[in-house]
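>>> sequence first, predicted coordinates after that:
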Amino acid sequence: MIKNNYFQFGFAIFFVLVALYSVSIFFQKTKSMDDKELSKWFNSGKWKSGWKLSPDESVNQKEFARQYFMNQDRWDKAFKFLAITDLTKIALGRYELDGRNLYLSVDEYLTKDEENTRFEAHRKYADIQFLVFGEEKIGIAALENTKETILYDSLKDVVFLSAIQNSYRIASSDRFFVFFSNDAHRPGVKVTVNSKVRKIVVKVLIE
């Protein structure tokens, strides 16, 4: 019994040390970066694991670096999958890349009129979003500038919001978006006419 308790205690200490090491690596890599170095690292695109698409200008570089170095393995797996997979042929549905830590959904739908869409945000997961084909507008607003309209659903990890002001970006097959917990986003809005799109959404656990 005593040996078993020692084993469990040692196991717990091991995971604490691993967590502390990960945090220390994060601080070493991000705190030592000034804005110029951060921009150089981000724009190098080495973190994309060979994926050819470009990040949209709306992506928060500092927050991305913070989250990337905190959970680099998850982000590397996500981008590697996107780089080596023929996303035009993959079947619709959900794919688990690392259990609840990392999964993606493939969906096809018609874009909507603005009044039939709404802002959303997530707390547990970051989103990598992009269109395999088609185009849509995505509204973007800081979470602090929104008002909650439907309470947060912890099972679905989503809260729905409204915002008086938002900035629209055009989503197409040449770029991707990354949304964190402070990024309210309003996807699926038509550009000119309601049209069919194929969207990939990768969910990266960040809680």
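Structure received. Numbers count the residues shown, from 1 in each chain.
>>> ok, residue 119 - contacts?
Listed by Cβ atoms under 8 Å, 6 or more residues apart in numbering, the contact set of residue 119 reads 139, 141, 146, 160, 161, 162, 163, 166, 184, 185, 186. The C-beta positions use only the backbone N, C-alpha and C, and glycine is treated the same way.
>>> of those residues, buried ones?
Neighbour-count burial (16 or more other Cβ atoms under 10 Å) applied to the contacts of residue 119 gives 139, 141, 146, 160, 161, 163, 166, 184, 185, 186.
>>> so of those, which ones are in strands?
Among the buried ones among the contacts of residue 119, DSSP state E puts 139, 141, 160, 161, 184, 185, 186 in strands.
>>> dig out what the first one forms beta bridges with.
Each beta-bridge partner of residue 139 is listed here, defined by DSSP bridges: residue 168, residue 186.
>>> distance check, it against residue 114.
8 Å (Cβ to Cβ, to the nearest Å).
>>> ok, the fifth one next?
For residue 184, the distance to residue 114 equals 15 Å [Cβ to Cβ].
>>> check the fourth one too.
Computed with Cβ to Cβ, the distance linking residue 161 and residue 114 is 15 Å.
>>> cool, and the third one?
Applying Cβ to Cβ, one obtains 15 Å for the distance of residue 160 from residue 114.
>>> what about stretch 85-100, start to end distance?
20 Å (Cα to Cα, to the nearest Å).
>>> give me the residues contacting that stretch.
74, 77-78, 81, 102-108, 132-133, 198, 200, 205.
>>> burial count for residue 37?
12 (other Cβ atoms under 10 Å).
>>> looking at this, it is in a strand?
No - Residue 37: not assigned to a strand; according to DSSP: H, G, I helix; E, B strand; the rest coil it is helix.
>>> where's the most centrally placed residue in the chain, which helix or strand?
For the chain, the residue nearest the mean C-alpha position is residue 127 (2.4 Å; Cα atoms, centre = their mean). Element membership for residue 127 (DSSP states H and E) is strand 125-133.
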